[in-house]
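A.B. asks: Starting from these lines, generate the structure:
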Amino acid sequence: MTIRFAFTLPLIAVLLGGPVASDRAWAVTPAEWVQSTEAQFAKGEFKDAAVTSRGEIVLSRQAELVMTSDDAPAVVSAVATDGKAIYAASGCTPVVYRIADGEASALAELHGAMVGSLLWTPKGLLAGTCGDKAGIYRIAADGQTQAIWTDPDVKYVWAIVPGPDGTLYAATGPAGAVYEIDPAKPDHAVRVYEADEKLAKNILCLAVAKGKVYAGTDGSGLVIEIDPEARSGRVVLDAEEKEIAAIVADDAGGLYVATSDISKAGPDGGGAPNGTKQGKALPATATNEAPTQPAAASASSDQPASAPATAPANNAANAAVAMAQRAARAAKANDPKGKPSGPGNHVYYIAPDGLVRPIFRKPVTILAMLMQGQRLILGTGNGGQIYSLSLDGDQVVQLVDTDAKQVTSLAPADGGQILFATANKGSVAKLTGTFAQRGTYLSKPLDAGQIAHWGTLAARASQGGGKVTVATRSGNVADPDEATWSDFSAEQAVDGEFLSIGSPSARFLQYRLTLTGDGKATPMAQDVRVVYQVGNLAPVVAGVVVKPSAKAPNKGNGNAKGPKVFRIVAIQAKDPNKDKLVWSVSFRQDGTKSWIQIAEKLDKPMYVWDTRTVGDGTYELRATVSDSPSNPPAAALSSDRVSEPVMVDNTPPAVGDLAVEPAAGAKGKVSVAGAITDASRIVSIAYSVDSQDDWVAVLPIDGICDSSSEKVRFEIDKLKPGAHRVAVRAEDLYGNVGYAAVTVTLGK
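C.D. replies: Residues are numbered from 1 along each chain as shown. From the prediction side, this is the model:
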C-alpha cells in the first residue's frame, strides 16, 4: 500500500541577508563546481576575451572601427581595399563609400537599388549592383563611374571574382547564371552556366581554382563545378542547407564551403546563451535607417568579394521578387518565436578526390569566409561574431563579437589585418594582427543553493608572455550587480595551485579572470574549479511505502505462498548535501504514544518487519533518516516520516454457525449456511465435499467479498446416498486461511 505523509517536515531557515554565524555546522563533504568546456564558459560574459572550442579562455584580436554606424548605412554589404583606402558598399542604396585618413565619404552613386559586391583590381575598383541596370561598374578615384558590363536578364550581381588573364566572373540572379566577362570586350560576355530554375534562382558566391569556376546556389544549396570552355557544370556538393554563402579554394585543389540557411540558425545566431555577449563589443552607434538582414556573403580564393544583402523596406519595391523573398527569410532569423529546424550551418571541406567532410557547425548563418594562412575566418549572423577556424576544424576561436546583427563581408588587408563590414548596425572595422592587451571573463554566478563557505579556486593557465589573475565576489541574491554583493577580492595570480577564496560566505559566488598581455601573444586559462562547503541540511524523507508479503526478501524462500506475515518497508529519502545516510524504523500500536525501535543503523532504505512478533491490530511505522556517517555527532541531522495505519492480521478467519441439511423435496441435494468473520477483509470462500483437493468457489449472500464479516448460503446436489463431509474454507486479505466442516447423511 502507498503510505500517506502524516506530518510536515521541519522548515530550514536560512538567513540570506546578514552575516553567517561562526559556529554554523558545515557539511563534512565539500562540493566542487567545474568549468572546462566551451559551452560552460559561454554562459559567462567576455570583454576583449574569447573562448576556444577546446575550452580555453584567451584574449581577443584587437579591433578598430574605421566607419561607425553614424556614418554607415544600416547594411554594409561589401568591403575592399587598395592598401591605401577602404571601400564600403551600401546594401540599402546604390552608394559606394571611401574611407581614408579617418574620414568616410560617399565616393560614387550607381544605378539600381543597392551594391551587392566589390572587387579591387589593378585597374581600379569594381562594383556589382542589384536592381535596374544591374551589372559591373568601374569607379575611378574621383568617383566617376563606367559601366563595364550589364545584361537585361540580370537583376543582381552577388559576387565578382577575377579569372585568368584579367577576365572576370560574375555570380548573378534571378536566372542563376554565371558570366565570363572580358573588361576589354564587355560586349562579348559569355554565359558559362545557368542553373535549372527548379534548383536555384541565384548564384550567391564564386571561387576560381585550377581552370575551374565553382559556384554556390540558393534554393537547393548546391556547389557546382563549371568548365568555362565547355560551358557545362556538374554538382560536387548537395548540402543539407538551402544556401551556399561562400567558397574558398586551397592550393591542393580542395574547397571550403560555408552555408547560410536561416532555418538552421538560432534567433541570435548561436551567440552566448541567455543573451550574454562574447568577445569584443564594438561601439557602433544607433542609426535612424530602417535595419534589414543580409542573406548571404561571398569570398573568392584570390580576393574576398561581396556580401549579398537585402534592400531595406523602402527600396525593396525597386528590386525583384527574389530579393524580397530572401529578405523575408532573413527577417525570420530575429523572430524570437521562430524555432530553428536544424542544428546549425556548416563549413564543409571538399577534398580534391571529391570526398566531403564537415569541419565546422554552429547555429549561426555564415555570411562571409576567407583564408588567412592556415586558418579560415568566418563572418556570421545573427549574432555578429567572427570566428577563426583551423583548416582541419579541430580548433575554433571566437575572434570578436560585434554589437551588430551580422558580419556581412570580410577582406584581407596589409599586415595580416582583416577588414569586416556589419549590418544592423552598419559599420566597417579592421581586425588587427595583434591581441587586446587586457581582457576579462566574468563567470555566471555559482548558486550553492544556500549559504556556503568558499574554499579554494584552481585553474590551469599558460602565461604566454602575459599573466592571468582571478578575483571573486559573493552575495545572497541572484543578480551580482546588486549593491548587496561584496566587492571583488584582491587579484591573485593563477598558476594551477589552489588559491584561497577571500569572499564572504554566501549563497552565490562569481569569479573574474583577467588576462593581460603585450599584444603579440595571449595568455590562456582553462579548467576552473571552485571547492565550497554548504551548511549541513537535514536529509529529506520523501515517502514511506509498506507492502505485505508472504516472503522475506533474501531469505531463500522463493515464491512462498501462505499468510502475508511480513511487511516490506521501503523508505524514499535524499540528502541535499549528498551525505551518506543511515535509516532506522520504529512502530507503535494504535492508541499508544510510545515508539518502539525495531531496527537501527540500516545501510539500505528498506526493512522487512516480521509481524508475528506483535499481536493483531493497527500500527504506525516511523522511518528515521540520519546523515551521521558524514558528519560529526554534534552536527548530524535527521528527519522522519510516519506511515498511514498498517494492519497486522495473522489470525485465520473464523467460519462459524456452519449447518448442512437436506434440501426439501430434492434427492441428492443439501443446503449449506454459515457465517465468516475476521479482523481484515474476507477475499475468497470455497467448499469441498469428501475431498481436500477439489474446492469450489462460492460467493457470499450479498454477491461480493467486501468486508470482514460475510454470510454464505449455497446448495450442493448430485450427492449419493450415505454420509458426506462438507468443508468450508475462507481466506482473508493477508493470506490467513480458516476452515470448518460438518457431516450430513443422505438416504438409508
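
A.B. asks: looking at this protein, which helix or strand does the model trust least?
C.D. replies: When the helices and strands of the chain are compared on mean pLDDT, DSSP states H and E, helix 321-331 comes out lowest with a mean of 38.

A.B. asks: following it, which helix or strand shows up next?
C.D. replies: Counting by DSSP states H and E, the next helix or strand C-terminal to helix 321-331 is strand 345-350.

A.B. asks: chain center to that next one, what's the gap?
C.D. replies: Mean-position distance between strand 345-350 and its chain equals 22 Å (C-alpha atoms, centre = their mean, to the nearest Å).

A.B. asks: by contact count, what packs against the helix or strand that it is followed by?
C.D. replies: Moving toward the C-terminus from strand 345-350, the next helix or strand (DSSP H and E) is strand 356-362. If you count contacts as 3 or more C-beta pairs under 8 Å, 6 or more residues apart in numbering; DSSP states H and E, strand 356-362 packs onto strand 345-350, strand 375-381, strand 385-390. From N, CA and C alone the C-beta is placed, and that goes for glycine too.

A.B. asks: 10 Å - rerun?
C.D. replies: Counting contacts by 3 or more C-beta pairs under 10 Å, 6 or more residues apart in numbering; DSSP states H and E, strand 356-362 is packed against strand 232-238, strand 255-259, strand 345-350, strand 375-381, strand 385-390, strand 396-401.

A.B. asks: tell me the angle it makes with strand 255-259.
C.D. replies: 40 degrees (axes from the mean of the first three to the mean of the last three C-alpha atoms, to 10 degrees).

A.B. asks: Please identify the pairing partners of strand 356-362 and their relative orientation?
C.D. replies: Looking at strand 356-362 with DSSP bridges, its partner strands are strand 345-350 (antiparallel).

A.B. asks: can you list the domains in the chain?
C.D. replies: Domain assignment for the chain, taken from automatic domain parsing, gives 37-51+439-534, 61-71+104-156+192-203+232-432, 540-648, 654-746.

A.B. asks: TSV please, covering those and showing distance to D218.
C.D. replies: Compiled in TSV, the domains of the chain are given as follows (distance: least, C-beta to C-beta, whole Å):
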stretch	distance to D218
domain 37-51+439-534	31
domain 61-71+104-156+192-203+232-432	5
domain 540-648	54
domain 654-746	74
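
A.B. asks: Any idea which of those gets closest to A80?
C.D. replies: When the domains of the chain are compared by C-beta to C-beta, domain 61-71+104-156+192-203+232-432 sits nearest A80, at 4.1 Å.

A.B. asks: before we move on, the earlier item: kindly reformat the helices and strands packed on strand 356-362 as TSV and extend each row with mean neighbour count and distance to A113.
C.D. replies: Shown next, in TSV, are the helices and strands packed on strand 356-362 (neighbours: other C-beta atoms under 10 Å; distance: least, C-beta to C-beta, whole Å):
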stretch	mean neighbour count	distance to A113
strand 232-238	14	29
strand 255-259	28	25
strand 345-350	24	27
strand 375-381	28	21
strand 385-390	23	28
strand 396-401	25	30
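
A.B. asks: Minimum distance to W158: which of those has it?
C.D. replies: Taking those one by one with C-beta to C-beta, strand 255-259 is closest: 14.3 Å.

A.B. asks: could you dump the closest one to PDB, C-alpha only?
C.D. replies: Output of strand 255-259 as PDB, limited to C-alpha atoms (Å, rounded to 0.1, in the frame of the first residue of the first chain):
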ATOM      1  CA  LEU A 255      37.300  23.600 -51.500                       C
ATOM      2  CA  TYR A 256      36.000  25.100 -48.200                       C
ATOM      3  CA  VAL A 257      32.300  25.700 -48.500                       C
ATOM      4  CA  ALA A 258      30.200  27.700 -46.000                       C
ATOM      5  CA  THR A 259      26.400  27.600 -45.700                       C
END
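
A.B. asks: ok and that strand relative to strand 375-381, angle-wise?
C.D. replies: Using the same axes, to 10 degrees, strand 255-259 lies at 20 degrees relative to strand 375-381.

A.B. asks: partners of strand 255-259, with directions?
C.D. replies: By DSSP bridges, strand 255-259 pairs with strand 244-249 (antiparallel), strand 345-350 (antiparallel).

A.B. asks: any chance of those in TSV, plus mean pLDDT?
C.D. replies: Output for those, formatted as TSV (pLDDT from 0 to 100):
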stretch	mean pLDDT
strand 244-249	97
strand 345-350	97
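
A.B. asks: Where does S707 sit, in terms of helix or strand?
C.D. replies: Applying DSSP H and E, one finds S707 in no helix or strand.

A.B. asks: now it, nearest residue through space, not along the chain?
C.D. replies: Leaving aside its sequence neighbours, S707 sits nearest to R681 (C-beta to C-beta, 6 or more residues apart in numbering; 6.2 Å).

A.B. asks: Pretty sure M647 is one of the things that neighbour touches, is it not?
C.D. replies: Yes. With contact defined as C-beta atoms under 10 Å, R681 reaches M647; the gap is 9.5 Å.

A.B. asks: list residues touching both of these two?
C.D. replies: L733, Y734 (C-beta atoms under 10 Å, 6 or more residues apart in numbering).

A.B. asks: which sections of the stretch 251-400 of the chain are below the confidence cut-off?
C.D. replies: In the predicted model of the stretch 251-400 of the chain, residues 267-342 satisfy pLDDT under 70.

A.B. asks: hang on, the earlier thing: for the helices and strands packed on strand 356-362, which one sits closest to W695?
C.D. replies: strand 345-350 (74.0 Å).

A.B. asks: what is the orientation angle of that closest one with strand 396-401?
C.D. replies: 130 degrees.

A.B. asks: about what we covered before: would you reformat the strands paired with strand 255-259 as CSV and include distance to D690?
C.D. replies: Shown next, in CSV, are these (distance: least, C-beta to C-beta, whole Å):
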stretch, distance to D690
strand 244-249, 93
strand 345-350, 85
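
A.B. asks: Make TSV out of the helices and strands packed on strand 356-362 and add distance to G535.
C.D. replies: As requested, the helices and strands packed on strand 356-362 are exported to TSV (distance: least, C-beta to C-beta, whole Å):
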stretch	distance to G535
strand 232-238	59
strand 255-259	52
strand 345-350	48
strand 375-381	45
strand 385-390	42
strand 396-401	39
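
A.B. asks: just to revisit the earlier point, ramachandran angles for the residue nearest to S707?
C.D. replies: Main-chain dihedrals, R681, degrees, to the nearest 10: phi -70, psi 140.

A.B. asks: Now do the contacts for it.
C.D. replies: Contacts of R681 (C-beta under 10 Å, 6+ apart): M647, D649, P653, C705, D706, S707, S708, S709, E710, D732, L733, Y734.

A.B. asks: can you pull out the helices in this structure?
C.D. replies: 38-41, 321-331 (DSSP state H).

A.B. asks: Does L399 touch L378 like I think?
C.D. replies: Yes. Between L399 and L378 a contact is recorded at 9.2 Å, counting by C-beta under 10 Å.

A.B. asks: Give me the common contacts of the two.
C.D. replies: Q385, I386, Y387, S388.

A.B. asks: Identify the residues contacting the second one.
C.D. replies: Shown here is I386, whose contacts under the criterion C-beta under 10 Å, 6+ apart are 50, 60-61, 63, 279-280, 368, 377-380, 397-402, 407, 410, 418, 420, 422, 429, 431.

A.B. asks: One more pass at 6 Å, please.
C.D. replies: Residues near I386 by C-beta atoms under 6 Å, 6 or more residues apart in numbering: G379, L399, V400, V407.
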